[in-house]
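> structure, please.
(chains A, B, C and D)
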Protein chains: 4
Amino acid sequence: MNAIKDSVHDWVTLTPVAADLLDTPTVQRLRHIKQLSTVRLVYPSASHTRFEHSLGVYHLADEALRHLRVDGDRADHLRAAALLHDVGHGPYGHQTEEIIERRTGRHHDEIQGLIGGTEVAETLREHDLSPERVADLVRGEGELGQLISGELDVDRMDYLVRDAHHTGVPYGSIDHGRLVRSLRYRDGELVLAEGNVRTAESLLLARGLMNGIVYRHHVSRIAGSMLERAAERLLDRKNEVDIEQFARMADHDLLVALREHVPELGERIERRNLFKRALWAELADTPAHLVDISHAEERAAERDIAERAGVDETAVIVDVPRRPSMKESNARVLVGGVVQRLEEASGLVGAIRSAQRGGWRLGVFAPASERGAVGDAAVDVLGLPERVRR
Amino acid sequence: MNAIKDSVHDWVTLTPVAADLLDTPTVQRLRHIKQLSTVRLVYPSASHTRFEHSLGVYHLADEALRHLRVDGDRADHLRAAALLHDVGHGPYGHQTEEIIERRTGRHHDEIQGLIGGTEVAETLREHDLSPERVADLVRGEGELGQLISGELDVDRMDYLVRDAHHTGVPYGSIDHGRLVRSLRYRDGELVLAEGNVRTAESLLLARGLMNGIVYRHHVSRIAGSMLERAAERLLDRKNEVDIEQFARMADHDLLVALREHVPELGERIERRNLFKRALWAELADTPAHLVDISHAEERAAERDIAERAGVDETAVIVDVPRRPSMKESNARVLVGGVVQRLEEASGLVGAIRSAQRGGWRLGVFAPASERGAVGDAAVDVLGLPERVRR
Amino acid sequence: MNAIKDSVHDWVTLTPVAADLLDTPTVQRLRHIKQLSTVRLVYPSASHTRFEHSLGVYHLADEALRHLRVDGDRADHLRAAALLHDVGHGPYGHQTEEIIERRTGRHHDEIQGLIGGTEVAETLREHDLSPERVADLVRGEGELGQLISGELDVDRMDYLVRDAHHTGVPYGSIDHGRLVRSLRYRDGELVLAEGNVRTAESLLLARGLMNGIVYRHHVSRIAGSMLERAAERLLDRKNEVDIEQFARMADHDLLVALREHVPELGERIERRNLFKRALWAELADTPAHLVDISHAEERAAERDIAERAGVDETAVIVDVPRRPSMKESNARVLVGGVVQRLEEASGLVGAIRSAQRGGWRLGVFAPASERGAVGDAAVDVLGLPERVRR
Amino acid sequence: MNAIKDSVHDWVTLTPVAADLLDTPTVQRLRHIKQLSTVRLVYPSASHTRFEHSLGVYHLADEALRHLRVDGDRADHLRAAALLHDVGHGPYGHQTEEIIERRTGRHHDEIQGLIGGTEVAETLREHDLSPERVADLVRGEGELGQLISGELDVDRMDYLVRDAHHTGVPYGSIDHGRLVRSLRYRDGELVLAEGNVRTAESLLLARGLMNGIVYRHHVSRIAGSMLERAAERLLDRKNEVDIEQFARMADHDLLVALREHVPELGERIERRNLFKRALWAELADTPAHLVDISHAEERAAERDIAERAGVDETAVIVDVPRRPSMKESNARVLVGGVVQRLEEASGLVGAIRSAQRGGWRLGVFAPASERGAVGDAAVDVLGLPERVRR
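Numbers count the residues shown, from 1 in each chain, chains lettered A, B, ... in the order given. Prediction:
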């Protein structure tokens, strides 16, 4: 095998090290982790996996290296990092990353501990590559690391076009061909060549629209928060599964474990029998302390609401997203020979940021039958205006 | 919800009965059954499910009805049948259908027993539809049933274009818009209007090419036959799972069950650590009795080969596909005002049939380490020429 | 013929009146007018015509009518208007519209005089349609007229996706399926249904990006302004062609006439041997009186620059675009049951408007060999800072 | 400029010589020659040009060279040949090639005389390339020449996918990525690597279906034969245009010249006011001497038919296509280590050939009003059975 057919980038040519890495259990596991976790409950054709995404990132990294005229040992390490950049994800990807981080202190881009001592490290060494250097690149370190994790990384370019292809929502379809051709280095920083303010804006706009229409769709958020609570309950039943086992699960493992051990949520997730919105509050309606609520306080609020509503504790989910941020606003572009942050070069950044704030919502979710009682109680407990009731 | 975004047909409008049917556990289960089972081990972006395919078939059925000017009660039953046509599939779809048929005597298009007494039947009745009539249509009965299961059915039209979209292999991209516009009834038979011999040929050619390049790719066949053996062993361990439970599993249930109860194959499937071809024989090299071998004889041959090779019985898989057939060759087309079977109207049918025969292969598969021994033994046991060794 | 294959919307079904209108010379002429005039000199695959665009607008109008549940006589008139909405364009479409408007006082959407007495009016009447009502709809009058010419018109939806398809630049690929499904009427005004602020923004963003990357690309602007000057010279040579003849020309007629009668520009346009930028000034660098310069003053400035530079008058083009505007900012959206203008509902409108202003450029163009002299002279004559020289 | 956006292959990178060649009048002329001449009268979005096709062929040639590991001087010549391979076409491409060949004895792939002494030859020499070697490659000479003109040439690969993209007819969408990756040389012959019989068949099938559905659509044939007759009449009026001028015309030149000098056909072509089929005969119904009729005899038959029908000579067109042939059937594929012609390796070749024969039609065309009389007369004059009347 020296090339793989991909529905987004057509044929992806594999170097020998890439071909060997693909065969490791660590990378094969990504076949079983869907790229967009619960989004497929809204966009049914979005069943694509982190395996094909990783191939896509590898492919775009390779193209970027060619245009940047980087080859040899540095390129080999970067391509390996591209292929491995997502192996640190737990089941359902981003949906469980905070759980894993809270309980292990480890972010998903810290893969060194994970690959050390596995076939991955062995494979890399057989090809004279350093697992440590690869892990550093995955964390975005160094000049080349910015290609994997940075404001102009190829990770972002791949997921936007791939998610557009698989959801059918066109807004992620950026011109990645132009982006990889326009990458330059200035003083060790990755920037876009002259004449590409619009290109940089398109990245920002694509993510802005995909956030609103796809990634943060309320149905996907409801399912995602149900999954998160269910996973926590699974982990809290000490004998079932420990956090390291959990972190190595794939989607199907978690789905089966939840149905068996946390059926009140697990069966609902499997059957798409989801909670409904009892409350849906804009940022302007939400007191600052609520926006910045801690995980423990969030859970305490759920208990208070449940008690006041006279329902079971498991029938209330309080979902407070982080304050919106747009990493892309720090993308660097050459304008008149000078490196500018996109934020300086484009008036759109402020507007997109404000649109993201406008799209932020605090949600309280409950089974359809408890929605009324939970909504009443949540308004009281959280101190929110009546108008945020659904 | 009154429309769902699909990556193939864009927006699919739901009638009220369709919307209610989608919410039943029976249909939601299809979210967890991949359309192409093990093909994704070759084409990584082919993770699409029977849920989105069912929506697509429903959509094309609706379009066909509009062009055929069928509406009212008959159309309502047909649309429901389109949405439900695949609920009879077991885990991994076609990969387990023979197992289920052998042990239950039930084909996957016999859904009446399956939906009777469930929310599906209840939902249909609430909308004044008859579960029996719907089940009859799924079996292809009656004039309209041909739209769901026949030589010119919309099932075929959807899966060809959908599989092309998700694999990236273009050959399934037929002009379904022209096909649904060209459907006519003549004496109760579904035919294509005048001037569509080429259109009918394109269906045949698309399936011919997709068979060779996608559906019957040897890697997918190897994984599929491993899965089939593993499933049989799971069922043979009586206490684990009975056939009716099995038939209602989804992909993730089976994957977890196999890893736990049949790890020698289950872990390999999950990690894509597949058997290799020990032998790969063309039709011309295969004696007729072998081509028409029964399931029991196939298993007996495996045991004989294992014994002669001195390997464990589980290390040998004999995979003899059915003789190739092309249902499309019976598609009917109007030529000069007369209904002709495609076979009469087009010289391509014979050639495609012959190409299908040319692509037929008997395979014997074994772990890489046993490939040599198994190949030697298989040549002897099956009485095949030496040249079919790999 | 009852359906036509389109590369963007697949099959377009023709009503009998549409089929008859297509056969008139007035509509057939649109086959010979390219949708994007000189843009194809930058994006070579953008050779699509106003004929296929008109079919697309007809198709989307039909879809919008279906979702709005408008049928009968009103729908027939609207569909006819959609098909005819561009017949008032001169050769090279927008590139000559100001010339025609200055000399005839007629805007391209005033088609009544144009179709009266032709086969078009006759065809409409044969199908019991009123040419006057159709012409009114093309001008955007009445409730339904907004579908053809308004902030949410289907004209815009078609050209964005069509231009994206043919240029290969993805940013015009809006979700037109969602847009036509979300159209509603409130107090006689066309609005988008609840939950579509993002959908409306996407229209605005698509046009904003396409403006910068495609429609106003400097090479296309240079070729376009050369074409405009050449056309004026052609018309000024009274014996050659009068303005009414000119207005009825197609692209090929004009190209041949220019090569013959205005070869100094005509041959250059045909061979893409274009002028270069001598000067390229941002809005911030351009005095207000220059931004709002009249056509006559623009031509006078050209003569002054030519004189000071010591070059022929025909070697200088001053191109001052209109102040940027975004009609889409007035699109109406339902937010919490209340109709809001997009400008009120979205912070993006202001930012896009500012980005459009940021992308505005005054250009002075000249043959490569005269670029230096013309640039020097233009800085002096127009009173611009030295830094705008190229 | 170092890359051009293409709607089919995305970004096409230009080498310095390619960039310079593009700027020559000889190559710019291809912007004004449509790839599919009169096909756009059936498929309205098929307005693409030989300019973008030439860029696509250049791009695929470059990809093929990369996979074949050919570089340096040989690659430079081949890429130049790819870009120039179509400059020998007259107006409306294939539609006028026989006229030009009959009157000049020169086939469109003989470009040496054409580029000698022009900017093209000069540009090639400036980059140390030999115009003679380039011209030889365009004619398909030598190992590399087969990439431009041969059974597996990239010309074919580009036009199939490009025509599919622009017509909307999917059947040309071959997997060109796989084809260029599978090219090999064996004894100086271009072949496809092992495992690609299906890939080769797909080329054949794609062309077979596109022939029937697109390239030889009867409406396009009618328009094309009207154009051919009109061009001959134009050339026969000696003072208007000589054959060398004619051969250098672009589409718009010819369209204007025909309208002016041969209005009885020119205006009809421009307005798509086409002749109709008076007679449409299958190969089986056509005597061999008619199938192999010479050009002069064809014209004589037209006169005879016109006389017998009592209509003007210009009201009859007899259109006898060449006997069908499929160059692809000679494509070579490695099968079991041995080079086989596709014809030997695949049973489909014979069937496609027979399908092509089945699709062959002799046509007699006339204005709608004369159709009856001309049909009667043609049956008599040509000695065809009555059943071929329309």
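> and the closest residue to chain D within the stretch 51-200 of chain A, how far from A:Glu63?
Per C-beta to the nearest C-beta, A:Gly177 is where the stretch 51-200 of chain A lies closest to chain D, at 4.4 Å. Bear in mind the C-beta positions are built from the backbone N, C-alpha and C, glycine included. Using C-beta to C-beta, to the nearest Å, we find A:Gly177 at a distance of 8 Å from A:Glu63.
> with A:Val318 instead?
44 Å.
> who has more neighbours, these two?
With neighbours defined as other C-beta atoms under 10 Å in any protein chain shown, A:Val318 and A:Glu63 compare such that A:Val318 has more, 27 against 19.
> paired strands for whichever strand or helix holds the more buried one, with orientation please.
Per DSSP states H and E, A:Val318 falls inside strand A:317-319. If you go by DSSP bridges, strand A:317-319 pairs up with strand A:361-366 (antiparallel).
> CA atoms of the partner strand as CSV?
Taking Å, rounded to 0.1, in the frame of the first residue of the first chain, the C-alpha atoms of strand A:361-366 are listed here in CSV:
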residue,chain,number,x,y,z
ARG,A,361,-25.9,30.2,25.1
LEU,A,362,-26.1,28.8,28.6
GLY,A,363,-28.3,25.8,28.5
VAL,A,364,-30.3,23.8,31.1
PHE,A,365,-31.5,20.5,29.7
ALA,A,366,-34.0,18.0,31.0
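> next helix or strand past that strand?
Heading C-terminal from strand A:361-366 (DSSP H and E), you reach helix A:371-382.
> for that following helix, what is the average pLDDT?
For helix A:371-382, the mean pLDDT works out to 96.
> for the host helix or strand of A:Val161, what is the distance to the chain centroid?
Element membership of A:Val161 [criterion: DSSP H and E] is helix A:154-167. Chain-centre distance of helix A:154-167: 12 Å, with C-alpha atoms, centre = their mean, to the nearest Å.
> that one close to chain B?
Yes: Helix A:154-167 reaches chain B (C-beta under 8 Å from any C-beta of the partner chain) through A:165-167.
> narrow those to those that are buried.
In terms of neighbour count (16 or more other C-beta atoms under 10 Å in any protein chain shown), the buried residues within these are A:165-167.
> out of those, which is nearest to B:His261?
A:His166 (32.8 Å; C-beta to C-beta).
> so what's the closest one up against?
A:35-36, A:43, A:45-48, B:7, B:45 (C-beta atoms under 8 Å, 6 or more residues apart in numbering or on different chains).
> make it 6 Å
A:45-46, A:48, B:7 (C-beta atoms under 6 Å, 6 or more residues apart in numbering or on different chains).
> the stretch 1-150 of chain A: strands as residue ranges?
All strands of the stretch 1-150 of chain A, identified by DSSP state E, counting those that start in this stretch, fall at A:3-6, A:10-13.
> any buried residues in the last one, and which?
Of the residues in strand A:10-13, those with enough neighbours to count as buried (16+ other C-beta under 10 Å) are A:10-12.
> contacts (any at all) between chain D and that strand?
Yes: counting by C-beta under 6 Å from any C-beta of the partner chain, chain D has neighbours in strand A:10-13: A:10-11.
> which residue ranges of the stretch 251-390 of chain A form strands?
A:276-282, A:317-319, A:332-335, A:338-341, A:361-366.
> which residue does the stretch 251-390 of chain A have closest to chain D?
Nearest residue of the stretch 251-390 of chain A to chain D (C-beta to the nearest C-beta) works out as A:Leu334 at 16.4 Å.
> burial of that residue, as a residue count?
Counted with other C-beta under 10 Å, A:Leu334 comes out at 19.
> surely it and A:Glu194 touch.
Yes: A:Leu334 is in contact with A:Glu194 according to C-beta atoms under 6 Å; the separation is 4.7 Å.
> how about the residue of chain A most remote from its centre, phi and psi?
Going by C-alpha atoms, centre = their mean, the residue of chain A most distant from its centre is A:Gly310, 35.4 Å out. Dihedral angles of A:Gly310 (phi, psi; degrees, to the nearest 10) stand at phi 70, psi 30.
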